[in-house]
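# here is the input, now give the coordinates:
(chains A and B)
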Amino acid sequence: MALAARKSAAGNKAASSARPTPARSTLRKNSTPTDFTRDEDVKAYREMLLIRRFEEKAGQMYGMGLIGGFCHLYIGQEAVVVGMEMAQKDGDQVITGYRDHGHMLACGMDAKGVMAELTGRRGGLSKGKGGSMHMFSVEKQFYGGHGIVGAQVSLGTGLAFANHYRNNGQVSIAYFGDGAANQGQVYESFNMAELWKLPVVYVIENNRYAMGTAVSRASAQTDFSKRGISFNIPGEQVDGMDVRAVRDAAERAIQWCRDGKGPYILEMQTYRYRGHSMSDPAKYRSKDEVQKMREEHDPIEQVRARLLSAWKLTEDELKAFDAEVREVVNEAAEFATHDPEPDPSELWTDILK
Amino acid sequence: MSIDILMPALSPTMEKGNLAKWLKNEGDRIKSGDILAEIETDKATMEVEAIDEGILAKILVPAGSQDVPVNQVIAIIAAEGEALSTAPKSAPSTPSPVASPSIAASIAAPIASVIAHDASSEVPAGTEMVQMTMREALRDAMAEEMRLNGDVFVIGEEVAEYQGAYKITQGLLQEFGPMRVVDTPITEHGFAGMAVGAALTGLRPIVEFMTFNFAMQAIDHIINSAAKTLYMSGGQMGCPIVFRGPNGAAARVGAQHSQDYTAWYSQVPGLLVVSPSNAADAKGLLKAAIRNPNPVVFLENEILYGQTGPVPKMDDFIVPIGKARVARSGSDVTIVSFSIGMTYALKAADELAAQGIEAEVIDLRTIRPMDIETVLASVQKTGRCVTVEEGWPQSGVGSEISAQIMERAFDYLDAPVKRITGKDVPMPYAANLEKLALPNVAEVVEAVKSVCYR
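Sure thing, here's the model as predicted:
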């Protein structure tokens, strides 16, 4: 293994000179994505719907004062995590920033545990001590939940380093936003990941705004798929509102990593319908812009249309899915409302092992 | 006129070295740029280059000589045709171009003779002791733990091919290979975060910072990512990692390379902070740190790296984290210190003994969690306390000790606690100013006498 590491580092030079220049940054969003099977469309629909309804409920509970502090909703971006998750294998790790509820649900983490963490209760996934931005699951290989913008990129590269060290064939998926993409440690990580051929997919969720700053006002290069060019990391722009396009790209990227070819960048072009956090009225963009996105590109509506037209599901069948999801979300909300706060003694636990 | 060739220093902290071989013989014609000899220390080797012209008239230190002091005259170059006087001139009072005077020598020299390591609690009676440098002790600690556990690896700048910027990782690449001894780009923020990520999966990285000054670029990951994750995850996800490297002032390296971070890290819940003063503690504590399931900030000291001390020859010598050591017993006053501060503390205790004041000297060894009980027990006996550290005074380690004593042993005090610290200034470069900025033995002696009302 040690020798392989050295060889791949040395082989890097030859490989990069053989590559066409400039490094590949392909725009595939206009290419037709591979169709889903009926089951895949149903799965994607239900998972995206769970995230949507969960987040709507979280927003409501925030308004009721049950959730405190920061609460960043994922509404509008659901196709990104769901499509990525459909291409992953068991054991692949996921790490993200603070807009993390959707990622946890997509990883299969318990909705009750997530919601109870949002309300700061003892049944929360971090016993109420982490909050909206800080949840983890060793079982589901979810590594947080990080509140410092960009930190998850170095940490996620470290997960890939561990895979490389153990030679276990697993891939790390590190999510970050268009805002985090301007942090210095992102490029430090890109350099090491390509240098050592670490299996990490960098998923840049470009939702067009870093808090209230539009991409064009913060980024000299707004094509984020090109951000790895000087390191020879391949990148793609992906229609992040189309779950099929996401899964397609995810499969290419993850396979690239699993084949030992190093990191891969996916720029997911997506959109968040809500403000940056619950306290953001989103005055920096027009209502029309949001409305147009919702009407023409909504990730869930796209699947719903296919289920009705291509797969001939009935409205009643879709309503049944809806009812199931609402049941899960309501149960989670109920639990998170009535679960007791942590015991005061918890203040002093889990500081050291 | 003849010219003296002096034993050069490889670094400002070098005090002596070996003269490995001569590449020129007596009588050879020398011109500027010629390589005259090779010298070596346990850290590195270097060629001695001539900067003058003439005839190599006399070799005063033969090849193979060990422990040649820096600035000793090793050879004499005579001008052509000049009759040679074999008596070397006295060493110049100003620094020669090849040899810098070792300010560190005057600071650090006493430590080997002064610290009589009392590791009675950790070492069975009759254990054989081996003399080694702190540098070798640290290297052995890592090597032993890497042999025991395949999850342990070393990562940092120049740790592999270069054998460590301060040669602490010497030989590790050869034994463990490049997968476990990983040279990084110069990218502290990135590689610290990467190592923390690897630790979250259960690997046990040892992150070497070339110095802790550069770890400021990585402090977000040390604190936000490493120290807080166990708590934020409700106890689910730990971070077994060691951040180690030289901390504090070296010698003549200026403000940005001379900061003591002990107090900074010691404030953070979720971190363990360790700072050894001698080779045995360095070895035992580093092994304990690598086995510990928590993030450990392991603060070394460049000036101490070359200091030799007795290290117990045991299969598995561990010094427990969180236990201070009474380095010297006394009944009149308690001096509390750690790391290189112990040098001043113990030297001062010797001088004070000659003046009839018996100081008890406590080496904290671990700064967080601090073994304040040992300090309090001593202060309850002596009624007086002086703290010694190289860091800045405000919110320093001494401030914490002082506050704890006031809160918990006020009634035992016969005098206010006194702090000896580095001065409240960025580290100056000039030799005289640097000396003034650092604590010294005289200050400790003075402080002790004042709390003893003498």
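# every contact and neighbour count from this point should use C-alpha atoms.
OK.
# helix, strand or coil for B:Lys449?
Secondary structure state of B:Lys449, per DSSP: H, G, I helix; E, B strand; the rest coil, is helix.
# contact distance from chain B - what residues of the stretch 101-250 of chain A qualify?
Contacts of the stretch 101-250 of chain A with chain B, taken as C-alpha under 8 Å from any C-alpha of the partner chain, map to A:125-131, A:134-138, A:143, A:148, A:151, A:154-162, A:165, A:185-186, A:188-189, A:192.
# give the buried residues for stretch B:412-424.
Using 16 or more other C-alpha atoms under 10 Å in any protein chain shown as the test for burial, stretch B:412-424 gives B:412-414, B:416-423.
# turn these into a markdown table, including secondary structure, pLDDT and distance to B:Ile222.
Below are the buried residues of stretch B:412-424 laid out as a markdown table (DSSP: H, G, I helix; E, B strand; the rest coil; pLDDT from 0 to 100; distance: C-alpha to C-alpha, whole Å):
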| residue | secondary structure | pLDDT | distance to B:Ile222 |
| --- | --- | --- | --- |
| B:Tyr412 | helix | 98 | 38 |
| B:Leu413 | coil | 98 | 37 |
| B:Asp414 | coil | 98 | 40 |
| B:Pro416 | coil | 98 | 35 |
| B:Val417 | coil | 98 | 32 |
| B:Lys418 | strand | 98 | 32 |
| B:Arg419 | strand | 98 | 28 |
| B:Ile420 | strand | 98 | 28 |
| B:Thr421 | coil | 98 | 25 |
| B:Gly422 | coil | 98 | 25 |
| B:Lys423 | coil | 98 | 27 |
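# so A:Thr157 is in contact with A:Tyr175, correct?
No: with contacts counted by C-alpha atoms under 8 Å, A:Thr157 stays clear of A:Tyr175, the gap being 11.0 Å.
# more crowded one of those two?
A:Thr157 (34 against 26; other C-alpha atoms under 10 Å in any protein chain shown).
# can I assume the more buried one sits in a helix?
Yes: assessed by three-state DSSP, A:Thr157 belongs to a helix.
# check contacts around it.
When contacts are counted by C-alpha atoms under 8 Å, 6 or more residues apart in numbering or on different chains, A:Thr157 touches A:172, A:174, A:189, A:193, A:198, A:200, B:194, B:197.
# quick one: secondary structure of the second one?
Secondary structure assignment for A:Ala174 (three-state DSSP): strand.
# now for it, how many residues are close by?
25.
# what residue spans form the domains of chain B?
B:3-89, B:132-312, B:323-451 (automatic domain parsing).
# turn the ones you listed into a markdown table, including distance to chain A.
Shown next, in a markdown table, are the domains of chain B (distance: least, C-alpha to the nearest C-alpha, whole Å):
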| stretch | distance to chain A |
| --- | --- |
| domain B:3-89 | 25 |
| domain B:132-312 | 4 |
| domain B:323-451 | 11 |
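# tell me how many other residues crowd B:Gln174.
B:Gln174 sits with 12 neighbouring residues when counted by other C-alpha under 10 Å.
# any idea how far A:Pro129 is from B:Gly235?
For the record, residue A:129 is Lys, not Pro. Distance, A:Lys129 to B:Gly235, using C-alpha to C-alpha, to the nearest Å: 10 Å.
# do A:Tyr74 as well
26 Å.
# these two: which is more packed in?
It is A:Tyr74, of A:Tyr74 and B:Gly235, that has more neighbours when counted by other C-alpha under 10 Å, with 25 against 18.
# surely that one meets A:Leu105?
No: with contact defined as C-alpha under 8 Å, A:Tyr74 does not count as touching A:Leu105 (11.2 Å).
# ok, back up a step: buried ones among the residues of the stretch 101-250 of chain A next to chain B?
Looks like those have A:125-131, A:134-137, A:143, A:151, A:154-162, A:165, A:185-186, A:188-189, A:192 buried, using 16+ other C-alpha under 10 Å.
# rewinding a little: mind listing the shared neighbours of A:Tyr74 and A:Leu105?
Common neighbours of A:Tyr74 and A:Leu105 (criterion: C-alpha under 8 Å, 6+ apart): A:Ile51.
# which residues touch the spatially most central residue of chain B?
In chain B, the residue lying closest to the centroid (C-alpha atoms, centre = their mean) is B:Asn301, at 2.3 Å. Listed by C-alpha under 8 Å, 6+ apart, the contact partners of B:Asn301 are B:245-250, B:339-340.
# from those residues, which shows the smallest pLDDT?
By pLDDT, B:Ala250 ranks lowest within the contacts of B:Asn301, coming in at 90.
# please tell me how far B:Leu286 sits from B:Met134.
Note on B:Leu286: its distance to B:Met134, by C-alpha to C-alpha, is 11 Å.
# got any ranges where the stretch 1-150 of chain A has weak pLDDT?
Applying pLDDT under 70 to the stretch 1-150 of chain A picks out residues A:1-31.
# one more time with 90
A:1-32 (pLDDT under 90).
# also the stretch 201-350 of chain A?
A:275-283.
# looking at it, which residue is nearest chain B?
At 4.8 Å from chain B, A:Asp350 is the closest residue in the stretch 201-350 of chain A, using C-alpha to the nearest C-alpha.
# pretty sure that residue is touching B:Lys228, no?
No: using C-alpha under 8 Å, A:Asp350 is not in contact with B:Lys228, being 9.4 Å away.
# quick one, which of the two is more surrounded?
More crowded of A:Asp350 and B:Lys228, by other C-alpha under 10 Å: B:Lys228, with 24 against 20.
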